[in-house]
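S.K.: Predicted model and sequence below, questions to follow.
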Amino acid sequence: MDLSTLGTETRNERTADLDRMPVTELLSVMNDEDQTVAVAVRDALPEIGAAVEAITESLRRGGRLIYIGAGTSGRIGLLDAVECPPTFGTAPEQVVGLLSGGPGAFAMAVEGAEDEPSRAAADLDEIGLNELDTVVGLAASGRTPYVVGGLQHAAAKGATTVTIACNRDAVVSRYADIPIEIPTGPEALTGSTRLKAGTAEKMVCNMLSTASMVRLGKAYGNLMVDVKASNDKLVDRARRIVVQATGTDPDTAAEALRAADGHAKTAIVMLLAHCTAEEAARRLSEAHGDTRTAVGRL
């Protein structure tokens, strides 16, 4: 494949004099280019929505959301995965990021690893890929061999496959049940897909994980009620979440959180349903974690 034909590899005529621009102009033109990313993502909302439904169904059935990618793309998937446990209270194995070259490639690039499709199959087998999972392959170029190999292996195992690429007619799209294409066009710095393409990939990953978790009852209104209060900042956030969700005062919220072992969702149900922590936990279990159902306020 002639990579020079890819939009992400094409030279951007608007930034042809990038090395001569004053800093203010350089930053301005980069910002102008960035403005186009959200518009490109919006055009793909139907496909992103279909992927959210598939991921939600996987997670409901006990499957996982698995990101696979190389380089910047893989790091973005891994970043989204590791943020899910503190934000949504998920188990670490529920949302997984696989990066070509292994976890060490997050801090130190292992560029050649992306050209080995068989490595992706081995990585997926190592975490026990099965038909309940949804595998999301990220490839800014749309042709990364590691991602193609992973998608082929995932399909053979019966898993649902999704791709995120930043070029039209991407190679990886041929191997996806749900292909998402975000044509971000030429980068301000030619070929540097950590810029607009990387921003687009992060936006889509944020949508996939956040929307899926909201659909699973991990939010009450727009509050992250399953947040893990693992440091002082998050303890304070959990208290504020309980106050905002129930209209109670901070001291009452803190007392409810202590009774609920720091779990904001349980404390909210306690206060709104006027019940004990044990009863709140039972209600949430019967409601499959949905706060509104547990409280009886649909």
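M.R.: Okay, I see it. Numbers count the residues shown, from 1 in each chain.
S.K.: Only C-alpha atoms from now on, for both contacts and neighbour counts.
M.R.: Noted.
S.K.: All the helices of the protein, in order from the start?
M.R.: Here the chain has its helices, by DSSP state H, at 23-42, 45-60, 71-88, 117-126, 145-156, 196-215, 232-246, 250-259, 264-273, 277-286, 291-295.
S.K.: in the stretch 101-250 of the chain, which segments are predicted with low confidence?
M.R.: Along the stretch 101-250 of the chain, segments meeting pLDDT under 70 span 103-115.
S.K.: before we move on, the earlier item: looking at the helices of the chain, which is buried most?
M.R.: Highest mean neighbour count among the helices of the chain (mean count of other CA atoms under 10 Å): helix 264-273, with a mean of 26.
S.K.: so that helix versus helix 232-246, what angle?
M.R.: Orientation of helix 264-273 against helix 232-246 (axes from the mean of the first three to the mean of the last three CA atoms, to 10 degrees) gives an angle of 30 degrees.
S.K.: what sits up against helix 264-273?
M.R.: For helix 264-273, the surrounding residues in contact (CA atoms under 8 Å, 6 or more residues apart in numbering) are 225-227, 238-239, 241-242, 245-246, 253, 256-257, 259-260, 275-277, 279-281, 284, 291, 294-296.
S.K.: And it, how far out from the chain middle?
M.R.: Chain-centre distance of helix 264-273: 28 Å, with CA atoms, centre = their mean, to the nearest Å.
S.K.: Report the mean per-residue pLDDT for it.
M.R.: Mean pLDDT, helix 264-273: 97.
S.K.: In this structure A253 contacts V242, no?
M.R.: Yes. Taking contacts as CA atoms under 8 Å, A253 lies within contact range of V242: 5.8 Å.
S.K.: Would you confirm that V242 contacts E255?
M.R.: No. Using CA under 8 Å, V242 is not in contact with E255, being 10.6 Å away.
S.K.: any idea how far T8 is from T56?
M.R.: Noted for T8: a distance of 31 Å to T56, by CA to CA, to the nearest Å.
S.K.: closest one to A188 among the helices of the chain?
M.R.: A188 sits nearest to helix 23-42 of all those, at 6.2 Å, using CA to CA.
S.K.: For that closest one, enumerate the helices and strands it packs against.
M.R.: Other elements packing on helix 23-42 under the criterion 3 or more CA pairs under 8 Å, 6 or more residues apart in numbering; DSSP states H and E are helix 196-215.
S.K.: go again using 6 Å as the cut-off
M.R.: With contacts defined as 3 or more CA pairs under 6 Å, 6 or more residues apart in numbering; DSSP states H and E, helix 23-42 has no helix or strand neighbours.
S.K.: who's in contact with that helix?
M.R.: Here helix 23-42 makes contact (CA atoms under 6 Å, 6 or more residues apart in numbering) with I182, A200.
S.K.: and the angle for that helix with helix 196-215?
M.R.: Using the same axes, to 10 degrees: helix 23-42 against helix 196-215 is 50 degrees.
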